[in-house]
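Engineer: have a look at this prediction, sequence included:
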Amino acid sequence: MGLRRSASLSPTWISQSLTWMLVGACLAGSAARAQTVGVGGADVVLVGGKVWTGVASDPVTQAVAIQGTHILATGTSAAMLKLAVPGAKIIPLNGRLVLPGFNDAHVHIQIGGANLVGVHLTDCKSQAEFRERIAAYAKTIPKGKWILNGSWDEQRWSPVALPTHQLIDDVTPDHPVAVSRTDLHMILANAYAMKLAGVDRNTKDVPGGVILRDAEGNPTGIFKDAAKDLILSKIPADTEADMETYLLATQEVAAENGVTSVQDMALSSTDPAGPVKLQALQRLEHEGRLKLRVAECLGLAYGKQMSELGIEEPFGNEMVHVGCLKSFADGGLGASTAWFTEPYTDNPKNYGIASDTMQHPEEMYAEFKLADEAGLQLITHAIGDRANHTILDMYERLEKEDGPSDRRDRIEHAQTLLPEDIPRFAQLHVIASVQPYHAIDDGRWAEKRIGPERVKYTYAFRSLMDSGAVVAFGSDWPVGPLVPLTGIYAAVTRRTIDEKNPSGWMPLQKVTVAESVKAYTYNAAYAEREETIKGRIAPGQLADLIVLSDDIFTIDPVKIDAVRVEMTLLGGQVIYTRGKPGTH
Ligand SMILES: [Zn+2]
């Protein structure tokens with residue numbers, strides 16, 4: 001799904017920015033990776049807590065000793081204090097729980113960051129409120145500037161109804177508008193934006209997309225999936241300075257929520273934003289201003305250049321790395337564009353749609369194969385059961401043709417699965433990268449769309465884990481909140497956000513708190529091939545740690561959502577303390 005598409009980005013320029021990344025990362029990486037553990041003492045020691053290590057042989061201890069950016073040792077408070085050098089920073093935990101920093105395996109920094117600094121529409125309760133917020137925001141920005149993102153959700157409105165351009169035209173006469181639904185699969189454009197894009201009743205339908213029209217055939221302003229590009233292709237691309245603003249806003253929210261690593265997904269297989277983000281990331285890192293580890297997943301179309309440059313996954317350093325490639329097999333359930341083997345229950349004519357790339361499966365497979373042969377990791381969005389089945393088939397074919405290797409190919413969302421496909425994740429070593437918040441969000445209405453049978457294998461975290469698959473957790477932020485504790489609450493309770501399922505929606509698919517923490521730390525690190533340096537509290541691992549207000553392993557799981565992160569350390573440095581703004 002393309003948020004932005006620029007015709008002006010030259011391949012040379014992209015190549016240059018990737019090469020620049022290559023040089024920068026080599027320089028930075030050599031110093032960071034050479035660090036060894038055990039020489040000298042600890043300069044930071046956390047004592048007197050309950051430290052959940054993620055290490056099976058020693059799951060819980062009292063204290064952690066940190067040397068520089070890495071963990072030196074774990075053990076009793078007395079033993080760790082003995083390692084402290086004179087003047088070391090001693091952090092008393094007072095019994096509180098310490099976890100490895102959370103790693104969100106699926107975020108969208110560009111839109112999430114833009115949302116933080118732009119119009120806020122998610123919690124609107126009606127069309128009137130939606131209109132008022134857009135009107136108020138338009139007054140704060142220069143004429144002619146686009147109003148974008150917003151993450152609106154008509155399912156929260158009373159009454160539930162998709163908006164039309166007429167709702168906002170008279171309050172946005174001087175601003176083109178293309179605000180996105182929370183699932184990113186549809187936008188609402190105003191008359192100004194449609195005029196700029198030359199879209200009217202004569203505009204033809206787009207393969208892989210939908211233009212909603214009124215009884216006379218005029219576009220209503222709603223554009224789904226590939227049709228969104230009719231409008232979004234007219235938006236000027238975000239600059240490096242824009243990306244910097246988004247990154248800085250993102251890392252602040254991340255630190256408050258205990259997120260020390262994110263895996264940032266391209267918005268389409270040709271999304272040009274990745275290289276621009278890489279430039280902003282690299283500059284922030286060189287200036288020492290980056291406080292969040294980022295795996296940048298470029299669109300699949302960049303595979304050719306990356307293979308020509310000899311970049312393999314993961315390439316970079318401990319702050320930023322590249323080498324995974326994102327693509328899409330279908331749309332989303334909210335927009336009824338997720339691709340199924342059987343039609344939608346509420347629309348027997350609709351099976352959903354394959355993505356624009358998936359419209360030409362052999363070409364898509366050829367791109368997969370090129371990337372696979374170059375040692376790059378494939379990350380593919382699949383929501384409907386047919387989309388998941390088709391991608392599993394393609395991954396299986398890669399293994400047959402190119403032989404077994406430690407690929408760590410992933411399916412993002414893995415939302416609704418054919419029961420017979422569940423064991424294939426473990427058999428084919430395909431990582432299920434899932435977002436528990438989606439389950440308690442979509443769980444409100446998914447059964448209306450796909451009926452009572454298919455929902456049993458929707459967000460099937462229990463079945464996937466039991467089958468032996470590696471399940472990594474993420475948020476899909478800004479589709480879900482960048483709050484892993486809410487994700488853990490969702491995975492453990494499965495209580496939908498409308499509070500209509502107090503015992504859990506599809507309760508057989510609940511998982512435990514420990515499984516959820518592992519999915520948000522070690523498994524997420526494994527999914528980005530970084531489990532040797534992060535995801536556990538163990539000697540030699542990066543000192544990315546969080547301190548929580550309550551012990552999520554012992555409290556009533558229903559209360560996990562209210563637990564707060566009290567402190568976040570990134571590479572041994574305290575980057576957030578609750579109640580002390582400016583610590584990050
Ligand atoms: Zn996503």
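Structural biologist: Looks like it came in fine.

Engineer: ok, Val430 - contacts?
Structural biologist: Going by C-beta atoms under 8 Å, 6 or more residues apart in numbering, Val430 touches 392, 395, 409-411, 424, 469. All C-beta atoms are positioned from the backbone trio N, CA, C, and that covers glycine.

Engineer: can you pull the pLDDT of it?
Structural biologist: In this prediction, Val430 carries a pLDDT score of 98.

Engineer: spell out the secondary structure type for Lys224.
Structural biologist: Put simply, Lys224 is strand when judged by DSSP: H, G, I helix; E, B strand; the rest coil.

Engineer: before we move on, the earlier item: buried subset of the contacts of Val430?
Structural biologist: The neighbour-count test (16 or more other C-beta atoms under 10 Å) applied to those identifies 392, 395, 409-411, 424, 469 as buried.

Engineer: narrow those residues to those in strands?
Structural biologist: Mapping the buried ones among the contacts of Val430 onto strands (DSSP state E) picks out 410-411.

Engineer: between the buried ones among the contacts of Val430, which is nearest Ala215?
Structural biologist: Using C-beta to C-beta, Ile411 comes nearest to Ala215 of those, at 39.6 Å.

Engineer: name the nearest residue to the closest one, sequence neighbours excluded.
Structural biologist: Among residues not flanking Ile411 along the chain, Ala382 sits closest, at 5.1 Å (C-beta to C-beta, 6 or more residues apart in numbering).

Engineer: now do the contacts for the one you found.
Structural biologist: Counted by C-beta under 8 Å, 6+ apart, Ala382 has contacts 329-330, 388, 390-391, 411-415.

Engineer: circling back: the contacts of Val430: which two are farthest apart?
Structural biologist: Arg410 and Arg424 (13.6 Å).

Engineer: beta partners for Ala382?
Structural biologist: His413 (DSSP bridges).

Engineer: skipping adjacent residues, who's closest to Thr69 in space?
Structural biologist: Thr69's closest residue in space is Gly571 (C-beta to C-beta, 6+ apart), at 3.8 Å.

Engineer: do the same with Val455
Structural biologist: Excluding its sequence neighbours, the residue lying closest to Val455 (C-beta to C-beta, 6+ apart) is Glu447, at 5.0 Å.

Engineer: and the residue nearest to Val434 when sequence neighbours are not counted, what's its pLDDT?
Structural biologist: Spatial nearest neighbour of Val434, chain neighbours left out: Ala414 (5.7 Å); criterion: C-beta to C-beta, 6+ apart. Per-residue confidence (pLDDT) for Ala414: 98.

Engineer: try the one 3 residues further on
Structural biologist: pLDDT, Leu417: 98.

Engineer: next: the one 10 residues further on.
Structural biologist: The predicted local distance difference test score for Gln427 is 98.

Engineer: do Val199 as well
Structural biologist: Note for Val199: predicted pLDDT of 97.

Engineer: equivalent analysis for the one 5 residues further on, please.
Structural biologist: Per-residue pLDDT puts Lys204 at 95.

Engineer: for Val23, same thing?
Structural biologist: Looking at Val23, its pLDDT stands at 40.

Engineer: cool, Met394 as well?
Structural biologist: On the pLDDT scale, Met394 gets 98.

Engineer: and the nearest residue to Ala88 once chain neighbours are set aside, what does it touch?
Structural biologist: Distance criterion C-beta to C-beta, 6+ apart; nearest residue to Ala88, sequence neighbours excluded, is Asp43 at 5.1 Å. Residues near Asp43 by C-beta under 8 Å, 6+ apart: 66-68, 84-85, 87-89, 572.

Engineer: swap in Gly274?
Structural biologist: By C-beta under 8 Å, 6+ apart, the residues touching Gly274 are 266, 296-299, 302.

Engineer: how close does it sit to His321?
Structural biologist: Distance of Gly274 to His321, computed by C-beta to C-beta, to the nearest Å: 13 Å.

Engineer: mutual contacts of the two, please.
Structural biologist: Common neighbours of Gly274 and His321 (C-beta under 8 Å, 6+ apart) are Glu296.
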